[in-house]
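Visitor: Test case, fold it:
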Amino acid sequence: MSDWFFEKNGERGGPVSADELKAMVSSGAISLTNLVWTAAFGSEWRRLGDTELAPPQPILPPPLPPNEPPALPSKPEQAAFEPNDFLYSELTKALIGRKQEHHLAKWRAILAKAGGDPANIATTSSWNWPALFLPYGWLLYRRMYVLGGIVLAVQLAYVLLPDSVPTSVARAFLFATFGLGIVFALYGNAWYLDVVRKRWEALRQEQDQAAALARAKQTGGVNLVAPIVAFALVIAAAVVPHLNLPSWGGSVALVRDGYMTGYSSTTIGKALAASFDNAEWQSFTSDKGATVVKFTGNINASLHANAIEQLMRPVNQAADDNDINARYGSYDTLLPYYQTAIEHLKARNRLQPIADKHGCGHQATLASCDALRATFTLMREVVETWAEDAYWPVGEPVEIQWTLNPDGRSFSLASMNSNAWKGKPFSDIFAVLYD
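Guide: Coordinates of the predicted model:
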């Protein structure tokens, strides 16, 4: 092992072994710039960094690239949509199936209006009669299953609406059904064109065009079964609930969708839905084993106004009648309520202003008025004012019960309970409900 000498601060050091010299470099005693000598160098001193004792230089990575995302490989450009390529393609004809020329003629006009731009197709109108009258049927027939399913769901929802739903909800569904028909009549051709165009775009990208044409014939064309099944569902939903089948809808549906004797103009459910808020139906078995259907609700503003109108109808008709007998006859309608009305208004300090208005002094009675017309108008206003407050008042709870007959297909009215019509016969109550 050769002896090594080294220079440090202008002075010579050594001899030391090669390992000792490396240890001095590692400890920082000397650096790679210090001169060293060994016999193999002859008369020349060399920098330690230029000898075999210098530690190997680390291999460093190249500088980082600029702080920009690498460019993605460019996508192959897709050929622009050419209307003529689409309209005269065998793939398009296969996707249409029946009545190809009819639809191609419609589509030529639509594409002309849209300027050949696919983005404008869906908003281009073109009338379609089948889509107007049976939108879900036409959509399913032309294999637009998503749109057809949505329209069918709306149609079924309308058909299956129970009679107890508010009239406003039923009308909203009815208008929605008609509205959808008009929308699809206006834009159905354009949307069908757009659907077929997108299928055509996908198929024409395939390498094997023979296989693509075969797939277009298999998946395109029309579906006759789907609209027939859908139409049958709508008919069944509309008809079956009204057949009074024992197993359809249970006892509640039997009563709700049935009719009261002498009132065949509308079902019980519809009549009650129009007259009561917070309607609830339920059935239970009585202690005697009979099936009972119960309806509960609260008198709404419409029924309240209708009841007052019926109460005052004969009185108002006689108001301008010059026949004195007719006026006396109208008293018979007022008298059962007159004393109740006086007590009600007295308790609320509302009677005296009415009496003074009609020149009846301080005693609001028939005897205190001299003229027949004053007596009549006083009675009418007293009863009418009371009726606005207390006759079949809004919010008054009611309860109606029916009992199912042993045959399971018919029912009988059992009770009608409410403070609003206490003591009234059923016939009088239903005359107001069905008016």
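Visitor: Where do the strands of the stretch 301-435 of the chain begin and end?
Guide: 397-404, 411-417 (DSSP state E, counting those that start in this stretch).
Visitor: Dump these into TSV; add mean neighbour count, mean pLDDT and distance to residue 84 as well.
Guide: The way it works is simple: take the backbone N, C-alpha and C, and place the C-beta from them, glycine included. Formatted as TSV, the strands of the stretch 301-435 of the chain follow (neighbours: other C-beta atoms under 10 Å; pLDDT from 0 to 100; distance: least, C-beta to C-beta, whole Å):
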stretch	mean neighbour count	mean pLDDT	distance to residue 84
strand 397-404	19	95	70
strand 411-417	15	93	69
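Visitor: any chance of these in CSV, with distance to residue 63 too?
Guide: Output for these, formatted as CSV (distance: least, C-beta to C-beta, whole Å):
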stretch, distance to residue 63
strand 397-404, 86
strand 411-417, 93
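Visitor: For residue 9, find the nearest of the ones you listed.
Guide: Smallest distance to residue 9 across these (C-beta to C-beta): 112.8 Å, for strand 397-404.
Visitor: In terms of secondary structure, what does that closest one contact?
Guide: Applying 3 or more C-beta pairs under 8 Å, 6 or more residues apart in numbering; DSSP states H and E, one finds that strand 397-404 contacts helix 250-256, strand 291-299, strand 411-417.
Visitor: Spatially central residue in this structure, please.
Guide: residue 154 (9.8 Å; C-alpha atoms, centre = their mean).
Visitor: ok, that residue - contacts?
Guide: By C-beta atoms under 8 Å, 6 or more residues apart in numbering, the residues touching residue 154 are 173, 176, 177, 180.
Visitor: Neighbours of residue 146, how many?
Guide: Residue 146 is flanked by 8 other residues according to other C-beta atoms under 10 Å.
Visitor: What strand or helix carries it?
Guide: Assessed by DSSP states H and E, residue 146 sits inside helix 145-159.
Visitor: what is the orientation angle of the next helix or strand after that helix with helix 145-159?
Guide: Downstream of helix 145-159, the first helix or strand assigned by DSSP H and E is helix 167-204. Computed by axes from the mean of the first three to the mean of the last three C-alpha atoms, to 10 degrees, the angle separating helix 167-204 from helix 145-159 equals 170 degrees.
Visitor: what's helix 167-204 packed up against?
Guide: Going by 3+ C-beta pairs under 8 Å, 6+ apart, helix 167-204 lies up against helix 90-96, helix 100-113, helix 129-133, helix 135-141, helix 145-159, helix 209-219.
Visitor: looking only at pLDDT, what's the mean for that helix?
Guide: Averaging pLDDT along helix 167-204 gives 90.
Visitor: Likewise for stretch 100-120?
Guide: For stretch 100-120, the mean confidence score works out to 90.
Visitor: isn't residue 396 right up against residue 300?
Guide: No: Residue 396 is not in contact with residue 300 according to C-beta atoms under 8 Å; the separation is 10.0 Å.
Visitor: what's the overlap in contacts for these two?
Guide: Common neighbours of residue 396 and residue 300 (C-beta under 8 Å, 6+ apart) do not exist.
Visitor: Is residue 123 in contact with residue 190, as I believe?
Guide: Yes: counting by C-beta under 8 Å, residue 190 is a contact partner of residue 123 at 7.4 Å.
Visitor: Who has more neighbours out of these two?
Guide: residue 190 (23 against 10).
Visitor: What's the per-residue pLDDT of the closest residue to the more buried one other than its chain neighbours here?
Guide: Nearest residue to residue 190 in three dimensions, chain neighbours excluded: residue 124, at 4.8 Å (C-beta to C-beta, 6 or more residues apart in numbering). As predicted, residue 124 sits at a pLDDT of 93.
Visitor: Next: residue 244.
Guide: The score at residue 244 is 50. That number is its pLDDT.
Visitor: could you list every residue that touches residue 170?
Guide: Residues in contact with residue 170 (C-beta under 8 Å, 6+ apart) are 158, 161.
Visitor: cool, and residue 113?
Guide: With C-beta under 8 Å, 6+ apart, residue 113 has these contacts: 120, 124.
Visitor: same thing but at 10 Å, please
Guide: 120, 121, 123, 124, 125, 126, 190 (C-beta atoms under 10 Å, 6 or more residues apart in numbering).
Visitor: Switch these over to a markdown table; also include distance to residue 230.
Guide: Shown next, in a markdown table, are these (distance: C-beta to C-beta, whole Å):
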| residue | distance to residue 230 |
| --- | --- |
| 120 | 31 |
| 121 | 26 |
| 123 | 27 |
| 124 | 27 |
| 125 | 25 |
| 126 | 24 |
| 190 | 23 |
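Visitor: Derive a ChimeraX selection command for the buried subset of those.
Guide: In ChimeraX, a selection of the buried entries from these looks like this (16 or more other C-beta atoms under 10 Å):
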select :121,124,126,190
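Visitor: Compile the contacts of residue 113 into a markdown table and extend it with columns for secondary structure and distance to residue 272.
Guide: Output for the contacts of residue 113, formatted as a markdown table (DSSP: H, G, I helix; E, B strand; the rest coil; distance: C-beta to C-beta, whole Å):
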| residue | secondary structure | distance to residue 272 |
| --- | --- | --- |
| 120 | helix | 51 |
| 121 | helix | 49 |
| 123 | helix | 45 |
| 124 | coil | 48 |
| 125 | coil | 44 |
| 126 | coil | 46 |
| 190 | helix | 45 |
